[in-house]
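**Student:** Model the structure of this input:
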Amino acid sequence: MDELSRRKMLLAGGTLGTLGMLGIASPAAAQTAWTWASGGSVAGAGTGSDPNWVWDDEADRVLAAVIERGDVPRVNELLRTWARNDQPLPGGLPDDLREFMEKARRLPPWADQNKLDRAAQFNKTKGIYVGALYGLGSGLMSTAIPREARAVYYSKGGADMKDRIAKTAKLGYDVGDLDAYQPQGSMIVTAVKTRLVHAAVRHLLPKSPGWSGTSGGQKIPISQADILVTWHSLPTFVMRKMLEWKVRISSAESAAYLHVWQVTAHMLGVRDEYVPATWDAANAQSRQLLDPALGRTTEGVKLTEMLLDIVAEIDGGLSRPLVSAFSRYTLGDRVGDLIGLSEEPFWEPVISNAWPLLVAFREGLIPLPLVPEAAWTMEEAIRRFVLLFLSEGKPINIEIPDANRPA
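**Tutor:** This is a model prediction of the structure:
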């Protein structure tokens, strides 16, 4: 896969897969007593506080003040010029916001640039799997998380999903970029802007009658647990599926892929005591946070339809049956039923039989003659979906909202 195709694959694949990362996640639907041990975190210790009741106090104070002063339009205009990790912050930002952002843009002291570089190479070589799983697995899974789906629906971005998806895609691409955390890269910028969006939504969404009526009694969205729910729907889910598919991944590659997402969680404002240090710790935390959160909502089904309608716009609907079938194959029938994915009696058995052969061929485990024509047809359809999902013809700017979805 050439660099342009890889870039588009990760951009489009990350589009659906990072919906919750741009300020549209919300507390988990089902909560149990917090038992995950902070000894399994990158910090190695912690307070033991339940992340469902922990937010981002410093960012929240600053963004509430920015919104209440009416500074959002001016700040967004200034931040459009801030695009590279090594750029100074734009002049003219409010002092309190500038002070916060200067602190927020610093990488954690435990960040390992060698691992970050290896993760970039991993995303390059395994882009077909990562892109497909972000887009057709993680992204549609987000609509099966009730509070996340409702928060998406009632936030400002819910009124224009195509625009929201375009902005969301930037995080999905930037985290897999070869230069993600290099000076010339953009991931630090993207993470800090996303953290600002989170704080703004926490200030705004409780004022939405639609959200308040479906929030399950929660007063503030996007807790630390909510960000982690979305986090696990991305790297934890993707790594688990790649291992199930028997994708060849070395221990160094596995550690590097985890590391880039550990750094990203920190940069999004997640406390180090909640960031898993190993895949075993991540899987244990995912079982407590993500698994119980899955459920069906009217808003989640509507969002699934919106996303699939966007697919239909690309090619007149030719790929929609395949997308539904591949997502069912990836997520399982339970999640497929929760979000209203259609059953596809032709494509489902084709995918379940042909995809493992295609993966095995790509990994060099079987020779070409054993890969059926249907496998290549399926890969090309999925590739076309992720490559054409978004146009890169215009700049994508992550911007701070100043209102909720219009009534």
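**Student:** Counting neighbours, what do you get for residue 226?
**Tutor:** 28 (other CB atoms under 10 Å). (C-beta placed from N, C-alpha, C; glycine too.)
**Student:** now swap in residue 301 and tell me
**Tutor:** 17.
**Student:** Would you mind confirming that it makes contact with residue 339?
**Tutor:** Yes. Residue 301 lies in contact with residue 339 (CB atoms under 8 Å); the separation is 6.2 Å.
**Student:** anything in contact with each of the two?
**Tutor:** Counting by CB atoms under 8 Å, 6 or more residues apart in numbering, the contacts common to residue 301 and residue 339 are residue 143.
**Student:** any chance you could map the helices in the stretch 251-400 of the chain?
**Tutor:** 251-267, 279-289, 298-315, 320-331, 333-338, 347-362, 373-388 (DSSP state H, counting those that start in this stretch).
**Student:** If I take the longest one and helix 320-331, what angle do their directions form?
**Tutor:** Just to be clear, that refers to helix 298-315. 130 degrees (axes from the mean of the first three to the mean of the last three CA atoms, to 10 degrees).
**Student:** Could you pull out the buried residues of helix 298-315?
**Tutor:** 299-304, 306-308, 310-311, 314 (16 or more other CB atoms under 10 Å).
**Student:** Tell me which other helices or strands it touches.
**Tutor:** If you count contacts as 3 or more CB pairs under 8 Å, 6 or more residues apart in numbering; DSSP states H and E, helix 298-315 packs onto helix 139-141, helix 146-154, helix 161-174, helix 320-331, helix 373-388.
**Student:** Run the chain-centre distance for stretch 92-105.
**Tutor:** Here stretch 92-105 is found 25 Å from its chain centre; the criterion is CA atoms, centre = their mean, to the nearest Å.
**Student:** what does stretch 94-114 give?
**Tutor:** Centroid displacement of stretch 94-114 relative to its chain, using CA atoms, centre = their mean, is 21 Å.
**Student:** so residue 35 makes contact with residue 288?
**Tutor:** Yes. In this structure, residue 35 is within contact of residue 288 by CB under 8 Å, at 6.7 Å.
**Student:** So if I had to pick from the two, which one is more boxed in?
**Tutor:** Higher neighbour count among residue 35 and residue 288: residue 288, with 19 against 10, using other CB under 10 Å.
**Student:** you'd agree that one is up against residue 37?
**Tutor:** No. Residue 288 is not in contact with residue 37 according to CB under 8 Å; the separation is 10.8 Å.
**Student:** Count the residues that sit near residue 106.
**Tutor:** Residue 106 has 12 neighbouring residues, counting by other CB under 10 Å.
**Student:** where does the protein have low pLDDT?
**Tutor:** Scanning the chain for pLDDT under 70 picks out 1-32, 156-170, 213-216, 311-318, 365-396, 407.
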